[in-house]
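Novice: could you look at this predicted model? Sequence included:
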Amino acid sequence: MIEDKERWNIRHVDKPMPHYVSPTLEKYIKEANVGRALDVACGTGRNTHFLADLGFIVDAVDLSDYALSCIREDVNINKQEVDLDIYNIEEKYDLIININYLNRRLMPQMLVSLKEGGVVIFETFITAHDVAEKGSMNPDFLLNTNELLRSFLDLDIIYYEERDIINLRGEDARLASLVARKA
């Protein structure tokens, strides 16, 4: 865990994430009831701040103490330094967001942890022909084609898309986006 924490602290300093809100979150936030939210691998809080400003009570979880220190002190934000490899989602949420991170172990927990009517917004990278070979992303942290969709088929799918993008390193990449509601 200490090695991972140091690696992520360095990454957040050397290659900071953008400060703008995830476009998918911004577009589909209207689908969620304002209430309790979980921001998995929240980083420096770009999406956490957005949710708190809308009135959500946000549990912002991340391994990087540096990233968490960048999140403002706010009565609506509960920052939690956790090792996501052993973290378990134990609360019930109106909204769970997972942007640019993959831990397959947490996906079934998200299904269970959504309140009735709760929404999950999940977006991360997937494998693609030639892209994975040329890119610098670890294939262990890339979804397979349609894996995200299949993982949440027990929910009502509001939006799903797999598309080609240019990642923050200027490399070709492929991204999967999902918005779904628990009936």
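Specialist: That came through fine.

Novice: residue 160 contacts residue 177, correct?
Specialist: Yes - if you go by C-beta atoms under 8 Å, residue 160 and residue 177 touch, sitting 7.0 Å apart. For the C-beta atoms, the positions are set from N, CA and C on the backbone; glycine is no exception.

Novice: those two - which one has more neighbours?
Specialist: The residue with more neighbours, out of residue 160 and residue 177, is residue 177; 21 against 15, by other C-beta atoms under 10 Å.

Novice: against which helices or strands is the strand ranked longest in the chain packed?
Specialist: Secondary structure of the chain read by DSSP state E shows that its longest strand is strand 114-126. Judged by 3 or more C-beta pairs under 8 Å, 6 or more residues apart in numbering; DSSP states H and E, strand 114-126 is in contact with helix 23-28, strand 93-99, helix 107-113, helix 147-151, strand 172-181.

Novice: what distance separates the next helix or strand after the shortest one from the centre of its chain?
Specialist: Spelled out, it's helix 147-151. Once helix 147-151 ends, the next helix or strand along the chain (criterion: DSSP states H and E) is strand 156-166. Mean-position distance between strand 156-166 and its chain equals 14 Å (C-alpha atoms, centre = their mean, to the nearest Å).

Novice: repeat for stretch 100-114
Specialist: That offset, for stretch 100-114, works out to 10 Å (C-alpha atoms, centre = their mean).

Novice: which parts of it are buried?
Specialist: The neighbour-count check on stretch 100-114 (16 or more other C-beta atoms under 10 Å) flags 100-102, 106-107, 109-111, 113-114 as buried.

Novice: could you do stretch 152-161 as well?
Specialist: 152, 155.

Novice: hmm, who's touching it?
Specialist: With C-beta atoms under 8 Å, 6 or more residues apart in numbering as the test, stretch 152-161 has contacts from 24, 28, 31, 107, 110-111, 114, 119-120, 122, 148-149, 176-183.
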